[in-house]
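Engineer: With the input below, show me the fold.
(one chain, ligands or ions: 1)
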Amino acid sequence: MTVASVASPPPLGLTLTARHVTYDGITLFRDLTLDLPAGHWTCLLGISGVGKSSLLRLLADLAPAGSDYHVQTSDNRPLTDRVAYMAQQDLLLPWLSVLDNITLGARLRRQPADTARAASLLEQVGLADFRHRRPDQLSGGQRQRAALARTLMEDRPVVLMDEPFSALDPVTRLQMQDLAATLLDRRTVLLVTHDPLEALRLGEQVLVLTGPPASLTSHPLPADWPAPRAVDDPRLTNQQGALLARLVHQRPAGAVS
Ligand SMILES: Nc1ncnc2c1ncn2[C@@H]1O[C@H](COP(=O)(O)OP(=O)(O)OP(=O)(O)O)[C@@H](O)[C@H]1O
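Structural biologist: Okay, here's the model as predicted:
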């Protein structure tokens, strides 16, 4: 079964300027700029606690109180209602079935849910037989795939995903990466991941967040290397080593987490 085709929204570029963002008086971002090219995937890596999720949450308008930041869109229109957000926690509602969870957005907007599309997505994430189960009757990886289906169901021009494949076994992980790459082709995607291989398979722009103070650097990719990249492409191994070395060098001395 394939997902019923829907007209793609025009690609939307974003520039986030985090002028001053603090947690409990500690500055996380000051004058940090993140550019997300229209219709491309950006993958963001960095050591634990450096601020990746916080940066992504600024784009989802979930910033801590008192934050000073601005999101500029390439069409100068507000970002409101044009973003799908998949958090690190699956945020499935425990009293709803998987099917009702993934059609939740339409229900909240009081629109008819596209159940054919929902059924197709559930099949593609391998949950067709689990559609009537509640989240507490699923494994961690199944829950994460349900959350992925809910994100894909939203069909937005901008998609923010925070470690969306982290609970999956390696084979399912590759399959879900390919599915997301296909369904989110020409969408503006920000993917937070701890996995250099994942970033290098999917990213058209690969960024490393370091700090404090927080700063972003781009990891250069070979020219003419379209994503998603084959997992047995030998360039992936070379690039993975280089990117991992870069992350190791940026870990503060003595840090263990
Ligand atoms: N709600 C909060 N209240 C206070 N501090 C917070 C809050 N959320 C995050 N922080 C702090 O902000 C910093 C960045 O956290 P964030 O979750 O963005 O990091 P991360 O790079 O995504 O980490 P990880 O890779 O472990 O998910 C951390 O020091 C964290 O303790």
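
Engineer: Only C-alpha atoms from now on, for both contacts and neighbour counts.
Structural biologist: Fine.

Engineer: With adjacent residues omitted, what lies nearest to whatever residue of the stretch 51-200 of the chain ends up closest to the ligand?
Structural biologist: Going by Cα to the nearest ligand atom, the ligand is nearest to Gly51 of the stretch 51-200 of the chain, at 3.2 Å. Spatially, and ignoring its direct neighbours in sequence, Gly51 is nearest to Leu28 (7.0 Å; Cα to Cα, 6 or more residues apart in numbering).

Engineer: Check Ser215 too.
Structural biologist: For Ser215, ignoring the flanking residues on the chain, the nearest one in space by Cα to Cα, 6+ apart is Leu209 at 5.7 Å.

Engineer: helix, strand or coil for the one you found?
Structural biologist: Each residue gets one of three states, and Leu209 gets strand by DSSP: H, G, I helix; E, B strand; the rest coil.

Engineer: Same question for Gly241.
Structural biologist: Assigned with three-state DSSP, Gly241 falls in the helix class.

Engineer: May I have the predicted confidence score for it?
Structural biologist: Gly241 is assigned a pLDDT of 90 by the prediction.

Engineer: what helix or strand is the residue nearest to Ser67 when sequence neighbours are not counted on?
Structural biologist: Nearest in space to Ser67, with sequence neighbours left out and distances taken as Cα to Cα, 6+ apart, is Val21 at 4.7 Å. Following DSSP states H and E, one finds Val21 within strand 14-23.

Engineer: which of the residues in that strand are buried?
Structural biologist: Using 16 or more other Cα atoms under 10 Å as the test for burial, strand 14-23 gives Leu14, Thr15, Leu16, Thr17, Ala18, Val21, Thr22.

Engineer: again, but for stretch 100-119
Structural biologist: Asp100, Asn101, Ile102, Thr103, Leu104, Gly105, Ala113, Arg117, Ala118, Ala119.

Engineer: ok, now stretch 32-39?
Structural biologist: Leu32, Thr33, Leu34, Leu36, Pro37, Ala38, Gly39.

Engineer: Between all of those, which two are separated the most?
Structural biologist: Pairwise distances across the buried residues of stretch 32-39 (Cα to Cα) peak at 21.9 Å, for the pair Leu32 and Gly39.

Engineer: Below-threshold pLDDT in the stretch 1-150 of the chain: ranges please.
Structural biologist: 1-8 (pLDDT under 70).

Engineer: One more pass at 80, please.
Structural biologist: Within the stretch 1-150 of the chain, the stretches with pLDDT under 80 are 1-9.

Engineer: Geometrically speaking, which residue is the centre of the chain?
Structural biologist: Met161 (1.8 Å; Cα atoms, centre = their mean).

Engineer: need the contact list for it.
Structural biologist: Contact analysis of Met161 by Cα atoms under 8 Å, 6 or more residues apart in numbering lists Tyr85, Met86, Ala87, Gln88, Val189, Leu190, Leu191, Val192.

Engineer: burial measure for the second one, as a count.
Structural biologist: Neighbours of Met86 under the rule other Cα atoms under 10 Å: 23.

Engineer: Next up, the contacts around it.
Structural biologist: Ala147, Leu148, Thr151, Val159, Leu160, Met161, Asp162, Pro164.

Engineer: Which PyMOL command selects the buried ones in those?
Structural biologist: The buried residues among the contacts of Met86 can be selected in PyMOL (16+ other Cα under 10 Å) with this line:
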select buried, resi 147+148+151+159+160+161+162+164
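
Engineer: interface residues of the stretch 51-200 of the chain facing the ligand?
Structural biologist: Contact residues (Cα under 6 Å from any ligand atom) of the stretch 51-200 of the chain with the ligand: Gly51, Lys52, Ser53, Ser54.

Engineer: let's see 8 Å
Structural biologist: Selection of the stretch 51-200 of the chain residues close to the ligand by Cα under 8 Å from any ligand atom yields Gly51, Lys52, Ser53, Ser54, Leu55, Pro64, Gln88, Val192, Thr193, His194.
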